[in-house]
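K.L.:
Would you be able to build a 3D model of this:
(chains A, B, C and D)
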2 protein chains.
Amino acid sequence: MVAEKVFTQLRRGTLEFCVLALLQGEPRYGFELVKALGEVDGLVTTEGTIYPLLARLRREGLVETSWRESESGPPRRYYTSTAEGSQALAAFTADWQRFCTSVDKILQSGRRG
Amino acid sequence: MVAEKVFTQLRRGTLEFCVLALLQGEPRYGFELVKALGEVDGLVTTEGTIYPLLARLRREGLVETSWRESESGPPRRYYTSTAEGSQALAAFTADWQRFCTSVDKILQSGRRG
DNA sequence: CTCCGCTACCATGCGATACAAGGTACCTGC
DNA sequence: GCAGGTACCTTGTATCGCATGGTAGCGGAG
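P.N.:
Numbering: from 1, shown residues only, chains lettered A, B, ... in the order given. So this is what the prediction gives:
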């Protein structure tokens, strides 16, 4: 899968905030996030990516965690966005749109030559 | 500038193809590319980024180079996109649009909680 | 009861790449 | 000649996604 390599680079910086977006208003646990992202084109990822990422978000105070028992299987650590997390997400969303606009403009400029 | 850090990550993977887009139908030299990108929101970069990147594109056969004298200053190495480069750019453009759509969808889903 | 497979957590090391910092060389104007 | 701008390039560092591997609880097959 050569084409997948492109997405690996594109994910950089965005994955963090995609997770944050998924946590808005709805607590989720790590494994669930992996599956949720796996259903979205270009965002497929693994636990090895998600857990370090979540740890980082926790260190930065953008998410909080709590343990809950599961009916079937090991206990789950649920992640919830903090107010600071929502704020960071809003800031990123604005940056992301600026960035997209710029890239689109450049890509289009090379459309015909 | 903390906000700039976000763009540093976002540029990953896209910068390469933004350069390729700038080279469509119009040969340019490294220093010129730095200045051209500097005028675009979120794509500001430096020579230390561009030259390794151009060397990579050359190794991969996506661009070709030729030296030209300058009327004022040192000679310039001009970069031109190959057919393979244009093809890679087209492929990336499609991937980029898929990716953008996915990210937009996720970011919007977290808009209201 | 034991083994296998699934869920769920986590840590460690690697690879790709943007960038900072520094170096060389040419040209123009003082 | 030397200061400053243009133009090229290299080396080292930081970031972050991911591959890999390890722990542990639960349920079903043998």
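
K.L.:
list the buried ones in the helix ranked longest in chain A?
P.N.:
Assignment by DSSP state H gives helix A:83-109 as the longest helix of chain A. Buried positions in helix A:83-109, judged by neighbour count with 16 or more other CB atoms under 10 Å in any protein chain shown: A:85-86, A:88-89, A:92-93, A:95-96, A:99-100, A:102-103, A:106-107, A:109. Placement of C-beta: from N, CA and C, glycine included.

K.L.:
looking at it, residue A:85 is touching residue A:20, isn't it?
P.N.:
Yes - assessed by CB atoms under 8 Å, residue A:85 is found in contact with residue A:20 at 5.5 Å.

K.L.:
Spit out the residues that contact these two alike.
P.N.:
Common contacts of residue A:85 and residue A:20 (CB atoms under 8 Å, 6 or more residues apart in numbering or on different chains): A:57, A:62-63.

K.L.:
Just those: which are in helices?
P.N.:
The helices, defined by DSSP H, take in residue A:57 from the shared contacts of residue A:85 and residue A:20.

K.L.:
Which residues of chain A lie near DNA strand D?
P.N.:
Taking CB under 7 Å from any atom of the strand as the contact definition, chain A meets DNA strand D at A:7-8, A:11-16, A:45-49, A:52-53, A:56, A:72-74.

K.L.:
Buried ones among these?
P.N.:
Among those, the ones that count as buried by 16+ other CB under 10 Å are A:7, A:11-16, A:45, A:49, A:53.
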